[in-house]
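Asks: Got a sequence here, can you build the structure:
(chains A and B)
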Amino acid sequence: MMKKILTGVAAFIFLGVAVTAFGLSDVYEKNVYDAGSLKPVDSVLKVRVGDKAPDFSLPSIDGKTVTLSDFRGKKNVVLSFVPAAWTPVCSDQWPGYNFARKIFESRDAVLLGISVDNVPTLFAWTNQMGDLWFPVLSDFWPHGAVADRYGVLRSSGVAERAIFIIDKKGVIRYIDVHDINVRPPLESIVKALDGLQ
Amino acid sequence: MKPLPWIVVFVVLFALVPAGGVWGAGISYEKGEPLPGLSLPVPQDPGAKKYLGLSGAGHFTPADVTAPVLLVQIFSMYCPHCQRDAGNVNAFYRLMEEDPGVRGKIRVIGIGAGNSPYEVQVFRETYGVPFPLFSDGNYEMHKKFGEVRTPFYIGLRKDDQGVPRIFFTRVGGIENPREFLDFLIIESGLEVKKP
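Replies: Coordinates of the predicted model:
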């Protein structure tokens, strides 16, 4: 009898926990790894405003390769480096940019999202965000090479949370290596893009 | 005495799960409790001010809102679920405004967790949100609510002394605006005259 009661109590506790956890569900429920508070910036920039932006070609999650210089003379480019997939701040940042598509397009700008994660990881992660209108690029191999050329590769091997805005001439016009723990406000990007007009 | 079957023990234990409480990331909201700490700037937009029944400047609390029921939505411009939820929230709002029995009895506000005033404005304009939205750029309100996931809803009903008390909380979006409104009316105990 006691065994049956204990079994019932165990089942109760299990279901109770399960019900509670389900109640907290949102799009990233249980899928985000919280690395805690990190050193705000852990790298040294290798480019400055006014420099020609180092060119690169990176694989996109749609199977294509995206080359920065292909946008020269056509579009302003916003590079959004984020540290890692499946982490709290990063998981919010790109959905916001996805939502703000008109803001970018009305300023004749494209957005390139870059992380050092590999393509399959980025594919699975960004699928949680809905249909992203901008390319998501993998700087996985050689590991973090593009982030390193811009000077935003941290000692842990992930990128900074950084924004670079490059004009149609291929010149860097804005740099924000943001506190990795905090999402950059959208208006700072908008203000910088407005400054290009 | 005949021993109780284990399934009876299980059912009794399960029935003891608190029905009114919903857990955020560290706070348990209990039905009937007041909501501490909610204080927001009086909106400067005359329409929003009138909608909430406020006057002057400074800050207001739920007790200052003239309607008997206040629905507080915690959202974020950056939250995909909140983006998907926006259409249904607007539909829910329209249902209330089009129902003469409900109009004026339920007010809705949204608080943008971690969203700057600019980001809140972008969200408002993109989705044509008809009710007042507030910026909580430094997560001050969000922390007071236990850093809940978004979207999160808190329903407050004024008691006989005019103290707003929690009558429901919910994590996740509004899937059916009609059912959600009916649920709010029943749970809050609002008396609604049928046309």
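
Asks: Whether the longest helix along chain B contacts chain A - can you check?
Replies: Taking DSSP state H as the criterion, chain B has its longest helix at helix B:80-98. Yes - among the residues of helix B:80-98, B:Pro80, B:His81, B:Gln83, B:Arg84 lie within reach of chain A under C-beta under 8 Å from any C-beta of the partner chain. For the C-beta atoms, the positions are set from N, CA and C on the backbone; glycine is no exception.

Asks: Which among these count as buried?
Replies: Applying 16 or more other C-beta atoms under 10 Å in any protein chain shown to those, the neighbour count classes B:Pro80, B:His81, B:Gln83 as buried.

Asks: and the longest helix of chain B, what does it pack onto?
Replies: When contacts are defined as 3 or more C-beta pairs under 8 Å, 6 or more residues apart in numbering or on different chains; DSSP states H and E, helix B:80-98 packs onto helix A:88-99, strand B:69-75, strand B:106-113, helix B:117-127, helix B:177-188.

Asks: Now do the end-to-end distance for stretch A:152-166.
Replies: 16 Å (C-alpha to C-alpha, to the nearest Å).

Asks: Next, the buried residues of it.
Replies: Buried residues in stretch A:152-166, defined by neighbour count with 16+ other C-beta under 10 Å: A:Val152, A:Leu153, A:Arg154, A:Val158, A:Ala159, A:Glu160, A:Arg161, A:Ala162, A:Ile163, A:Phe164, A:Ile165, A:Ile166.

Asks: Give me the angle between the longest helix of chain B and helix B:117-127.
Replies: 60 degrees (axes from the mean of the first three to the mean of the last three C-alpha atoms, to 10 degrees).

Asks: So for helix B:80-98, mean pLDDT?
Replies: Averaged over helix B:80-98, pLDDT sits at 94.

Asks: Give me the distance from it to the chain's centre.
Replies: On the basis of C-alpha atoms, centre = their mean, to the nearest Å, helix B:80-98 sits 13 Å off its chain's mean C-alpha point.

Asks: Kindly report the same for stretch B:138-156.
Replies: 10 Å.

Asks: quick one: buried residues of that stretch?
Replies: B:Met141, B:His142, B:Phe145, B:Val148, B:Arg149, B:Thr150, B:Pro151, B:Phe152, B:Tyr153, B:Ile154, B:Gly155, B:Leu156.

Asks: did I read that right, the second one in a strand?
Replies: No - under DSSP: H, G, I helix; E, B strand; the rest coil, B:His142 falls outside any strand and is assigned helix.

Asks: for it, what are its contacts?
Replies: B:Ile74, B:Ile111, B:Ala113, B:Gly114, B:Asp136, B:Val148 (C-beta atoms under 8 Å, 6 or more residues apart in numbering or on different chains).

Asks: Quick check: which element contains A:Ile189?
Replies: For A:Ile189, the element it lies in under DSSP states H and E is helix A:186-194.

Asks: That helix to helix A:88-99, inter-axis angle?
Replies: Using the same axes, to 10 degrees: helix A:186-194 against helix A:88-99 is 50 degrees.

Asks: Could I get the buried residue list for helix A:186-194?
Replies: Going by neighbour count (16+ other C-beta under 10 Å), the buried part of helix A:186-194 is A:Leu186, A:Glu187, A:Ile189, A:Val190, A:Ala192, A:Leu193.

Asks: List the beta-bridge partners for B:Pro41.
Replies: B:His59 (DSSP bridges).

Asks: Can you report phi and psi for B:Val163?
Replies: phi -90, psi 120 (degrees, to the nearest 10).

Asks: That one - how many residues pack around it?
Replies: By the criterion of other C-beta atoms under 10 Å in any protein chain shown, B:Val163 has 12 neighbours.

Asks: how close does it sit to B:Asn138?
Replies: 28 Å (C-beta to C-beta, to the nearest Å).

Asks: For chain B, give me the ranges with low pLDDT.
Replies: For chain B, applying pLDDT under 70 flags the ranges B:1-28, B:194-195.

Asks: and of the buried residues of stretch A:152-166, the nearest to chain B?
Replies: Nearest to chain B among the buried residues of stretch A:152-166: A:Arg161, at 13.4 Å, using C-beta to the nearest C-beta.
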